[in-house]
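Visitor: here is my input, please return the structure:
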Amino acid sequence: MDSSGVRQADPQPAGRAVTDRRPPAQDKQLNRASSPVQATRPDRAPQEPSGDATGPGPVSGPGPISEPFLATVREDVITALLGACLIGGILADGWAHVHLPDTLEGFFTPWHGLLYGGFVGTAAWTFWMAYQRRAHAPRWWRAGWPAGYRIGALGVLLFAAGGLGDLVWHEVIGVEVGLNAAFSPSHLLIVFGSVFMLTSPLRSWWNSGAGGLRAAAGVGSLALAVTATAPLLNHSLTLMTKGPTLAYHPGPERDVAHYQAVATVDGYLVTTLILTAPLLLVHRRRGTPGTVTALVGAVTLFVMVMFSFPQPQATAALTTMVAAVLADVCLARLDAVRGPDAALRLPIAGALVPAMLWTGHLIGLQLADGLRWPVEMWTGTVVLAMLVGLVLGTLAARPARRLP
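Guide: Numbers count the residues shown, from 1 in each chain. Down below sits the predicted model:
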């Protein structure tokens, strides 16, 4: 304490290391594509990079998270485009299984060439993204993955295992036809591996919090991932049904028409789960226009091409697409009027989308061939699907915060 009564700061003890802090100008010289992603504090909103930026840039925050890099917008877009090539290969192979089953002898076919060519391109790009960051992560196979792409690398391994199993299966047991192809263990591994690979841009988008082209790549990758499941679930997709156009007369006996009607209703519910659950994953984070259209459009186009646009399903698919566009408009309008944090936002979205989609689908069947179900059945099917979506939205909604 000096003579003025002010206590002086303690001098630096000898032997204590002085931290040499790097000037901020040096930080800016780091490669933006290799800059660490920092976790944000829960009570502070993350700094969102611009949606049209070409590099990710670091996200502000005090502590690093497990995935240290952020992919650039260009990398996410390339991944999504390669994923579209993979889906094209899956579509070609599925089309051949439906239309040319007698020509599929063994594993080495042109259709498999398209399928595995798309896989090799996507897999090589995924691993290259980690390898090119080896200057900042010498053990790139462990620490070089951009945020969201580590699970994509796992998908590569699952797909490769399924492909090897598919080779052995085709050469030893034979080619699967009909439902056998949908339940083949090797095909299941291929599909789940595809979903993990294809959703890498989606997880990257969620990590960045950006909009623009990165958001488009994220939504597109989600639509591709949902589409990848179509070959195994086409037996339950309501987009391929014409059940409501078949006559049903209720009676005490359970005949063929009874089980056909039950299978049709189940198809509406299964398809509601397939489309609504991914939608709510996106809608929970932020309202993104075009998500419903992308999901419904990708799956519808895949199934229609795979089965060569059968009628009356093709007409019903067209009216379902119109309903999907209208559903996107309604969701955007609700967010604009009520706000993105409005109460019951997700339950309303979960109920609204299937109600609009299946109403549109039934209108298409009516226009193409006429509905022959009793009015209780087709109206009840729409209401039941709407209730399933409502439950999904309720489960997806964040719990309300308790006031102090």
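Visitor: how about low-confidence regions in the stretch 101-250 of the chain?
Guide: Along the stretch 101-250 of the chain, the parts satisfying pLDDT under 70 run over 101-107, 175-178.
Visitor: and the helices in the stretch 301-404 of the chain, which stretches?
Guide: 313-338, 345-368, 375-396 (DSSP state H, counting those that start in this stretch).
Visitor: helices or strands up against the first one?
Guide: Judged by 3 or more C-beta pairs under 8 Å, 6 or more residues apart in numbering; DSSP states H and E, helix 313-338 is in contact with helix 291-306, helix 345-368. Any C-beta I mention is one placed from the backbone N, CA and C, and that applies to glycine too.
Visitor: go with 10 Å
Guide: Counting contacts by 3 or more C-beta pairs under 10 Å, 6 or more residues apart in numbering; DSSP states H and E, helix 313-338 packs against helix 256-285, helix 291-306, helix 345-368.
Visitor: take stretch 349-362, keep the C-alpha atoms, and write them as PDB.
Guide: In PDB, the C-alpha atoms belonging to stretch 349-362 read as follows (Å, rounded to 0.1, in the frame of the first residue of the first chain):
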ATOM      1  CA  ALA A 349     -47.200 -29.000 -37.900                       C
ATOM      2  CA  GLY A 350     -47.200 -32.700 -37.200                       C
ATOM      3  CA  ALA A 351     -51.000 -32.900 -37.500                       C
ATOM      4  CA  LEU A 352     -51.400 -30.400 -40.400                       C
ATOM      5  CA  VAL A 353     -48.900 -32.000 -42.800                       C
ATOM      6  CA  PRO A 354     -50.400 -35.600 -43.000                       C
ATOM      7  CA  ALA A 355     -53.900 -34.300 -43.000                       C
ATOM      8  CA  MET A 356     -53.100 -32.200 -46.100                       C
ATOM      9  CA  LEU A 357     -51.000 -34.800 -47.800                       C
ATOM     10  CA  TRP A 358     -53.500 -37.700 -47.600                       C
ATOM     11  CA  THR A 359     -56.500 -35.500 -48.400                       C
ATOM     12  CA  GLY A 360     -54.600 -34.600 -51.600                       C
ATOM     13  CA  HIS A 361     -53.800 -38.200 -52.200                       C
ATOM     14  CA  LEU A 362     -57.400 -39.300 -51.900                       C
END
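Visitor: run the chain-centre distance for it.
Guide: 20 Å (C-alpha atoms, centre = their mean, to the nearest Å).
Visitor: got the buried residues for it?
Guide: Of the residues in stretch 349-362, 349-362 count as buried by neighbour count, 16 or more other C-beta atoms under 10 Å.
Visitor: just to revisit the earlier point, just the helices of the stretch 301-404 of the chain: most buried one?
Guide: helix 345-368 (a mean of 23; mean count of other C-beta atoms under 10 Å).
Visitor: can I get the buried residues of stretch 349-362 in CSV including pLDDT and distance to residue 385?
Guide: Output for these, formatted as CSV (pLDDT from 0 to 100; distance: C-beta to C-beta, whole Å):
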residue, pLDDT, distance to residue 385
349, 95, 14
350, 95, 10
351, 96, 9
352, 96, 11
353, 96, 9
354, 96, 4
355, 96, 7
356, 96, 10
357, 96, 8
358, 96, 5
359, 96, 10
360, 96, 12
361, 96, 10
362, 96, 11
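Visitor: one step back: could I get the helices and strands packed on helix 313-338 as TSV with distance to residue 99?
Guide: Shown next, in TSV, are those (distance: least, C-beta to C-beta, whole Å):
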stretch	distance to residue 99
helix 256-285	22
helix 291-306	9
helix 345-368	22
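Visitor: go through these and name the closest to residue 124.
Guide: helix 291-306 (23.7 Å; C-beta to C-beta).
Visitor: the helices in the stretch 1-150 of the chain, which residues?
Guide: Going by DSSP H, counting those that start in this stretch, the stretch 1-150 of the chain shows helices at 24-27, 73-99, 110-131, 140-143, 150-172.
Visitor: how about those, which one is nearest residue 225?
Guide: When the helices of the stretch 1-150 of the chain are compared by C-beta to C-beta, helix 73-99 sits nearest residue 225, at 8.0 Å.
Visitor: quick one, the closest one and helix 150-172 angle?
Guide: 20 degrees (axes from the mean of the first three to the mean of the last three C-alpha atoms, to 10 degrees).
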